[in-house]
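Student: coords below, sequence missing:
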């Protein structure tokens, strides 16, 4: 249950790196008013980040994973969050058993 | 700095409490998604020689799961400080864009509180609060984002992450890879539901397609975590170009 100095330093550096990424966007935008064009871009940006984070799921799994992902995507268009998660987890778990 | 606009003091307190609870409730499905990953990360970290206390410090201070998995993968004894910080910076560069999209909503609050809120911003907290704020804005509800709601979501997810990674570090080797049983589908499931919530038509979603294709291609061709910034930046550039037409 010890904490090594080098480990602690690594953790602090990682934390500082991460916190700086959290601040930069906010600090750059600050209290500035966005142009209509920039506003439209910012409207699209969250979806761009979300889809980039999950993109590997679409191309890295076998047929079972891909089928489960399609089922999950269909569920996501009609159901709320919790049922979609249940369907996603259950379909991935079951299809991988086959 | 301008003064923050606040609600009148006599109604502020019950509103704050309700908003905090609303945030807690909103975070519950995501907490379920966190636990299996937390257990696996904790187990991997203990296999690399980190103690449960060190694991909690890592996941509590850094609080960005993707970079923590990468760091544990690269962990040596003693750790290579610059490599770990550099990889962390790269993987979490998407936060820059995320912070920028939250900025208009955080503007209403005193800077010190906005900085605290940003300290706890992970993908899931950001996605849940931003989609909630935009939906409330559409419905004409004011304020669209409250700090108690934000912290309700953020603190729940933060604690879930710290506790589940610590447990993973303790029970470590006995665990095996439980994400194999389908729990790893929880994150795409959540993100797909959030994308559905942001959907305003095929035309507006074209930058997302660019992001998805670019991220997938970079993921397949380039080792490491470059696919996230590459996908996000491609989509934003596409949005910038397409926004000229309208």
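Tutor: Arrived safely. Because the structure is a prediction, the values reported are computed rather than measured.
Student: Can you confirm whether stretch B:65-81 lies near chain A?
Tutor: Yes. When contact is scored as CB under 8 Å from any CB of the partner chain, part of stretch B:65-81 falls within range of chain A: B:66-68, B:71, B:78-79, B:81. Glycine gets a C-beta too; all of them are placed from N, C-alpha and C.
Student: domain parsing for chain B?
Tutor: B:15-198, B:200-246 (automatic domain parsing).
Student: Can you give the distance from the shortest one to the centre of its chain?
Tutor: Relative to the centre of its chain, domain B:200-246 is centred 19 Å away, using CA atoms, centre = their mean, to the nearest Å.
Student: how about the domains of chain B in CSV, adding mean pLDDT and mean neighbour count?
Tutor: Supplementary listing: the domains of chain B in CSV, determined by pLDDT from 0 to 100; neighbours: other CB atoms under 10 Å in any protein chain shown:
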stretch, mean pLDDT, mean neighbour count
domain B:15-198, 91, 20
domain B:200-246, 91, 18
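Student: hang on, the earlier thing: strands - which of the residues of stretch B:65-81 next to chain A land there?
Tutor: Helix and strand membership here follows DSSP state E; of these, not one is in strands.
Student: Buried residues, the strand or helix carrying residue A:86. List them.
Tutor: Taking DSSP states H and E as the definition, residue A:86 sits inside helix A:81-97. Neighbour-count burial for helix A:81-97, with 16 or more other CB atoms under 10 Å in any protein chain shown as criterion, is recorded at A:81, A:84-93, A:95-96.
Student: contacts with chain B among the residues you listed, please.
Tutor: Contacts with chain B within the buried residues of helix A:81-97, as defined by CB under 8 Å from any CB: A:81, A:84-85, A:87-93, A:96.
Student: Domain-wise, how is chain A divided?
Tutor: Domain assignment for chain A by automatic domain parsing gives A:1-32, A:45-98.
Student: what about the ones you listed, which gets the closest to residue B:40?
Tutor: Judged by CB to CB, the one of the domains of chain A that comes nearest to residue B:40 is domain A:45-98, at 14.7 Å.
Student: Can you measure across that closest one, start residue to end residue?
Tutor: Terminal residues of domain A:45-98 are spaced 38 Å apart (CA to CA, to the nearest Å).
Student: So what's the gap between it and the chain middle?
Tutor: Going by CA atoms, centre = their mean, where domain A:45-98 is centred and where its chain is centred differ by 13 Å.
Student: ranges for the helices of chain B?
Tutor: Across chain B, reading from the start of the chain, the helices by DSSP state H fall at B:9-47, B:52-61, B:65-74, B:81-91, B:94-106, B:111-119, B:123-138, B:147-171, B:186-198, B:202-221, B:227-242.
Student: For the ones you listed, give me JSON lines that also has distance to residue A:2.
Tutor: Written out in JSON lines, the entries for those read as follows (distance: least, CB to CB, whole Å):
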{"stretch": "helix B:9-47", "distance to residue A:2": "13"}
{"stretch": "helix B:52-61", "distance to residue A:2": "7"}
{"stretch": "helix B:65-74", "distance to residue A:2": "18"}
{"stretch": "helix B:81-91", "distance to residue A:2": "19"}
{"stretch": "helix B:94-106", "distance to residue A:2": "31"}
{"stretch": "helix B:111-119", "distance to residue A:2": "26"}
{"stretch": "helix B:123-138", "distance to residue A:2": "31"}
{"stretch": "helix B:147-171", "distance to residue A:2": "13"}
{"stretch": "helix B:186-198", "distance to residue A:2": "33"}
{"stretch": "helix B:202-221", "distance to residue A:2": "38"}
{"stretch": "helix B:227-242", "distance to residue A:2": "34"}
